[in-house]
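Asks: Provided below are the primary sequence and the corresponding predicted coordinates.
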Amino acid sequence: MRPFSAGPRPTPKAIAGPVRAANRLGFDVFARLARQEPSSNLCLSPSGLAFTLGMSLSSARGPTQTTLAKALGLHPGARHDRMASWRRALLEHDPAVQLTLASSIWSDVGITLRPDVLADLRRSYDAQAASLDFRDSSATRAINEWVQRATEGAIADVVSYLDPEARLILVGALHFRGRWTRAFNREWTRDETFHLPDRGEFPEPMMMASDEFHHFHTEEMEGVALPYGGGRWRMLVFLPSRESSWTEVVAGLNFDTWDGWSRRLRKDQGTILLPRFRLESSLTLAGVLKDLGLPMALDVELADFGGATINTTPLTVGALLQRVFVDVDEVGTEAAAATLMVQVVAWPPPKWQPFHMQVDRPFLFGIEDTYSDSLLFLGAVYDPRPGSGSRPAGASFVPPPGTPPEIARLSSP
C-alpha cells in the first residue's frame, strides 16, 4: 500500500464529530448483532465501517447522501475533508504500533467513474481504482488478493461470488499490529479455569502481568487498560461480575455505558490474568443498519448510489459486509478488518488496594486510539478456545432472512 500523504496534524476537535458518530454507530450495530447470538464470539470494526460508508458518500445522492452524512457526523460541505483528517490522525502512531489503512474502488466493465469522484476518493482515502469484468472469476480473485495484501495476510477470501448485477464495489481495509508497552512473560502463562454463563468450565492458558495499570472495580463491572507502545493505543478489557447476566450486558451495550466505564479508569497497582484469544467474524451489516434507522441509505428499494458514474444506470446497495480478525498473545495484538460495499443495479472509582483481575469468564474488549478516541475494534469473547463460538469466518457471507434472491446471490458461492 502507498503511504498516506502527510499533512497538518488535526486537533481532536476537528475530527470529534465523525469519530464520535462512528463509535456510537458501532455500538448500535454491535448490540443488535449480539442480541442475535449472545453465546458467540463477536468482533466489529466501527472505524472500518465508517470509512467505507464515508467513501460511499461520493456516489450517494439526495436523501441517501443526507442520511449517511448525518449518521457519520459529517457536514455536507466538509464530508471528505473531515474523514481525511481522521485518517491522517490515526496514522500518526509510535514505532511499536503498525497501522495500515487502505481503500479501493472496483468498477465493472462499461462503468465509467466521474473524474471528480475519483479525485475525491484518491485525495481523501488514498483509494486505488481498477476496472474488472465482474462476470469473470478473476474479479473476485483480484479483490481478495488486494485485501490479503492490505491486511498482511490476516484476511483472505472476503468475497467468493459477484452477482452479474454488481457494478461498483467499495473496499476499506485496516491492519493493526501493536506490541504491549509491558509484554506478558510467557513463563508466567498458566492454565486457569474459564467459566461460561451456562456453568460450563474448562482449563484455559492465562497470561499474567503485575504492574501499574489504569483500572476500576465496581459491584457490576471491572475494567483495565492495557497500553501498546508509547501509550497512545490501548486495549480496554471489561469483565462483568459473576452475578451479571452476560446476555443482558452485551445486548444492552452502548456508547454511553462504555464511555462511562472508560472514564472510571485510574492508575492502580495490581495483577491481570487474561486468556490468549483469536477471533474471526464475518458480518452482514446492511440489514442491521437499515433496522437502526438508515433505510434511505441501506434499503435496496430506497438507496440511491448512482452519483459516482457518468453512466445513467441507477445504483443501490446490494451488500455491506465486514470480515474481522483479532489475535492476542503475550507479545501484543494483531487485528484486521475488511469492509466491502457492493453497489448493484437499482432494485426496488473504588477504595484503593492492589487489584487482582482474573478474566476467567466472558468479557468485552476494545482497541482504541486515546488521541482521537477512535474505536478501531470492539469485541465480545464468550469462549476463548480456538474456533469455539466464533461467527463463521469462511469465504462466503450468509445473507439475512428476507434478502431478495437477486441480492442474496451476491454472497452465495
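Replies: Structure received. Residues are numbered from 1 along each chain as shown.
Asks: switch to C-alpha atoms for all contacts and neighbour counts from now on
Replies: Noted.
Asks: Kindly state the domain boundaries assigned to the chain.
Replies: Here the domain parsing of the chain from automatic domain parsing is 12-178+279-348+390-411, 181-277+349-381.
Asks: and those domains, which one's lowest on average pLDDT?
Replies: Among the domains of the chain, domain 12-178+279-348+390-411 carries the lowest mean pLDDT, a mean of 80.
Asks: List the contacts of the lengthiest helix in the chain.
Replies: The longest helix of the chain (DSSP state H) is helix 12-36. Here helix 12-36 makes contact (C-alpha atoms under 8 Å, 6 or more residues apart in numbering) with 40, 42, 44-47, 49-50, 71-74, 82-83, 85-86, 247, 250-255, 285, 288-289, 292, 371-375, 378.
Asks: Just the buried residues of it, please?
Replies: Buried residues in helix 12-36, counted by 16 or more other C-alpha atoms under 10 Å: 15-34.
Asks: hmm, back to that, tell me the most buried of the domains of the chain?
Replies: domain 12-178+279-348+390-411 (a mean of 20; mean count of other C-alpha atoms under 10 Å).
Asks: From the chain's centroid, how far away is that domain?
Replies: In terms of C-alpha atoms, centre = their mean, to the nearest Å, the centre of domain 12-178+279-348+390-411 is found 10 Å from the chain centre.
Asks: which residues are in contact with the helix or strand containing residue 117?
Replies: Using DSSP states H and E, the element containing residue 117 is helix 115-125. For helix 115-125, the surrounding residues in contact (C-alpha under 8 Å, 6+ apart) are 55, 58-59, 80-81, 83-84, 87, 102-103, 127-129, 308.
Asks: Kindly format the C-alpha coordinates of it as PDB.
Replies: Output of helix 115-125 as PDB, limited to C-alpha atoms (Å, rounded to 0.1, in the frame of the first residue of the first chain):
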ATOM      1  CA  PRO A 115     -13.200  12.200 -12.700                       C
ATOM      2  CA  ASP A 116     -14.200  14.400  -9.700                       C
ATOM      3  CA  VAL A 117     -15.400  11.500  -7.700                       C
ATOM      4  CA  LEU A 118     -12.300   9.500  -8.300                       C
ATOM      5  CA  ALA A 119     -10.100  12.500  -7.400                       C
ATOM      6  CA  ASP A 120     -12.000  13.000  -4.100                       C
ATOM      7  CA  LEU A 121     -11.600   9.300  -3.200                       C
ATOM      8  CA  ARG A 122      -7.900   9.400  -4.000                       C
ATOM      9  CA  ARG A 123      -7.300  12.600  -2.100                       C
ATOM     10  CA  SER A 124      -9.300  11.700   1.000                       C
ATOM     11  CA  TYR A 125      -8.900   7.900   1.200                       C
END
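Asks: Following element in sequence after that helix, please.
Replies: With elements assigned by DSSP H and E, the helix or strand that comes after helix 115-125 is strand 128-132.
Asks: And the next helix or strand past that next one?
Replies: helix 137-150.
Asks: now residue 20: how far from residue 116?
Replies: Separation of residue 20 from residue 116 (C-alpha to C-alpha, to the nearest Å) stands at 28 Å.
Asks: And residue 215, by the same measure?
Replies: From residue 215 over to residue 116 the distance is 49 Å, taken as C-alpha to C-alpha.
Asks: what do you get for residue 94?
Replies: Note on residue 94: its distance to residue 116, by C-alpha to C-alpha, is 34 Å.
Asks: do the same with residue 99
Replies: To residue 116, residue 99 is 28 Å away according to C-alpha to C-alpha.
Asks: Now do the helices in the stretch 51-200 of the chain.
Replies: Using DSSP state H, counting those that start in this stretch, the helices of the stretch 51-200 of the chain run over residues 62-71, 79-90, 115-125, 137-150.
Asks: Rebuild these as a markdown table, extending it with distance to residue 268.
Replies: Converted to a markdown table, the helices of the stretch 51-200 of the chain look like this (distance: least, C-alpha to C-alpha, whole Å):
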| stretch | distance to residue 268 |
| --- | --- |
| helix 62-71 | 37 |
| helix 79-90 | 28 |
| helix 115-125 | 40 |
| helix 137-150 | 38 |
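Asks: Out of the ones you listed, the one nearest residue 185 is which?
Replies: Using C-alpha to C-alpha as the measure, helix 79-90 is the one of the helices of the stretch 51-200 of the chain that comes nearest residue 185, at 29.1 Å.
Asks: Confirm residue 267 sits in a helix?
Replies: No: per DSSP: H, G, I helix; E, B strand; the rest coil, residue 267 lies outside any helix segment and is strand.
Asks: check contacts around it.
Replies: Neighbour list for residue 267: 212, 213, 214, 215 [criterion: C-alpha under 8 Å, 6+ apart].
Asks: same thing with residue 148?
Replies: Residue 148 touches 154, 155, 156, counting by C-alpha under 8 Å, 6+ apart.
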